[in-house]
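Enquirer: Just to be clear, the model below is a prediction. Sequence and coordinates:
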Amino acid sequence: MTPFIPDDYEVPEPPGKYMKLKAGSNHFRILSPRVMTGYEGWRVEGKKQTPVRKRVGEGWHIGEVRDNLTRHFWIMAVWNYETRSIQVLELTQSTIQKAIRSLAKDQDWGDPTDYDLVIMAKGEKMDREYSVLPKPIRPRDPAVTQKWQELMAAGFDLERMYDGGDPFPSTDSATRSSGAADETYFEPGAGTTFEVDDSDVPF
């Protein structure tokens, strides 16, 4: 007898707002004309962990984030070919950042918004390795451009993520609390597990 629901069937889930790198191939097109950069740490409140993001050069209160550890991030809007949707991609891996930066400065490639990128991820968790592969330069799909323009016109704004808000216009952009009023700061990037030149502004 044929089962009511096949054993291998899974209910499809709508694509989320954020692109997460998975093992294997991650194919996307950068939509943001300029990447958003800064430093990110995590505030711990009980079992809840909340990301805290600041612009390059902003100070941090001692104890504002867990273990005073921060990491350098890039954030950009992308077209995810797998989900066929616009998502936000955050990159904290210095190997990926440096690879895209090199492409942007290369005379043959130039602006990374002019071609697709594929990030290949091999390995698991802390042993995962990444490589960045550029696709041939070609115009962006007009349908993708239209979706991007409509989203921007509706109020999409990555800058809201600095204040703990949602960059997408469909959700209220709630702001995070400002933290303890401690006048002691540590430098942005202190405790980070890799080095990034603050003056090396991407793109």
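Expert: Now that the structure is in, tell me what you want to look at.

Enquirer: Tell me the bridge partners for the residue most central in space within the chain.
Expert: Note on the chain: the residue nearest the mean C-alpha position is residue 90, at 1.1 Å, using Cα atoms, centre = their mean. Taking DSSP bridges as the rule, residue 90 bridges to residue 75.

Enquirer: do the same with residue 30
Expert: Applying DSSP bridges, one finds that residue 30 bridges with residue 78.

Enquirer: Pretty sure residue 118 sits against residue 136.
Expert: No - using Cβ atoms under 8 Å, residue 118 is not in contact with residue 136; the gap is 11.8 Å. Heads up, the C-betas are built off the backbone N, CA and C, glycines and all.

Enquirer: Out of these two, name the residue with the larger neighbour count.
Expert: Neighbour comparison, residue 118 and residue 136: the larger count goes to residue 118, with 15 against 6 (by other Cβ atoms under 10 Å).

Enquirer: Could I get the contacting residues of that one?
Expert: By Cβ atoms under 8 Å, 6 or more residues apart in numbering, the contact set of residue 118 is 25-28, 132-135.

Enquirer: Where does it fall, secondary structure wise?
Expert: strand 117-122 (DSSP states H and E).

Enquirer: so how far is that strand from its chain's centroid?
Expert: 14 Å (Cα atoms, centre = their mean, to the nearest Å).

Enquirer: so residue 86 bridges to which residues?
Expert: With DSSP bridges as the rule, residue 86 is bridged to residue 79.

Enquirer: any idea how far residue 7 is from it?
Expert: 34 Å (Cβ to Cβ, to the nearest Å).

Enquirer: what about residue 33, neighbour count?
Expert: Using other Cβ under 10 Å: residue 33 sits among 10 other residues.

Enquirer: Quick one: low-confidence residue ranges for the protein.
Expert: Along the chain, the parts satisfying pLDDT under 70 run over 1, 12, 170-203.

Enquirer: who does the next helix or strand after the strand holding residue 118 pair up with?
Expert: Using DSSP H and E, the next helix or strand after strand 117-122 towards the C-terminus is strand 129-134. Strand pairing for strand 129-134, using DSSP bridges, gives strand 117-122 (antiparallel).
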